[in-house]
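Visitor: no sequence for this one, just the structure:
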């Protein structure tokens, strides 16, 4: 791992085939690698999630029959994955927001 690449810290979820298609898994991996290398990713691939916290975002990964979301926090030392889920509604479910807030709070308290 290069000196300039932030590690991924997985607090929850994983990206594997199945349930992700191979193409969606590769897309997620490419976007996560870009984040590790310090790139800022914006719409349509990512959007800010201020309802969870500062420096929190949601990656959008289109798949064959669903759209995946990867909620992450950009820390100074790592990209912290808070949740991975299949999005089925227009809004992020409140339960997902709440669990991400809890995980972020726990991470910051370490």
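Guide: Now that the structure is in, tell me what you want to look at. All figures in this text were calculated on a predicted structure; none of them were measured in a lab.
Visitor: Could you confirm residue 68 falls within a strand?
Guide: Yes: counting by DSSP: H, G, I helix; E, B strand; the rest coil, residue 68 is part of a strand.
Visitor: Okay, and the beta partners of residue 59?
Guide: Under the criterion DSSP bridges, residue 59 forms beta bridges with residue 46, residue 70.
Visitor: The helix or strand where residue 103 lies packs against which elements?
Guide: Using DSSP states H and E, residue 103 sits within helix 94-108. Counting contacts by 3 or more Cβ pairs under 8 Å, 6 or more residues apart in numbering; DSSP states H and E, helix 94-108 is packed against strand 67-74, strand 79-87. Heads up, the C-betas are built off the backbone N, CA and C, glycines and all.
Visitor: Out of those strands, the one nearest residue 31 is which?
Guide: Proximity to residue 31 (Cβ to Cβ) singles out strand 67-74 among these, at 8.0 Å.
Visitor: And the contacts of that closest one?
Guide: 13, 15, 20, 24, 28, 31-32, 35, 49, 52-53, 55-62, 79-87, 92, 96, 100, 104, 107 (Cβ atoms under 8 Å, 6 or more residues apart in numbering).
Visitor: Tell me, how many residues neighbour the nearest residue to residue 14 once chain neighbours are set aside?
Guide: Distances taken as Cβ to Cβ, 6 or more residues apart in numbering put residue 84 closest to residue 14, at 6.6 Å, once the chain neighbours are dropped. Residue 84 is flanked by 21 other residues according to other Cβ atoms under 10 Å.
Visitor: Quick check: beta-bridge partners of residue 84?
Guide: residue 70.
Visitor: you'd agree it is up against residue 8?
Guide: No: Residue 84 is not in contact with residue 8 according to Cβ atoms under 8 Å; the separation is 11.7 Å.
Visitor: Quick check: pLDDT value at residue 1.
Guide: At residue 1, the model reports a pLDDT of 47.
Visitor: actually residue 30, not the one I typed
Guide: Note on residue 30: pLDDT of 96.
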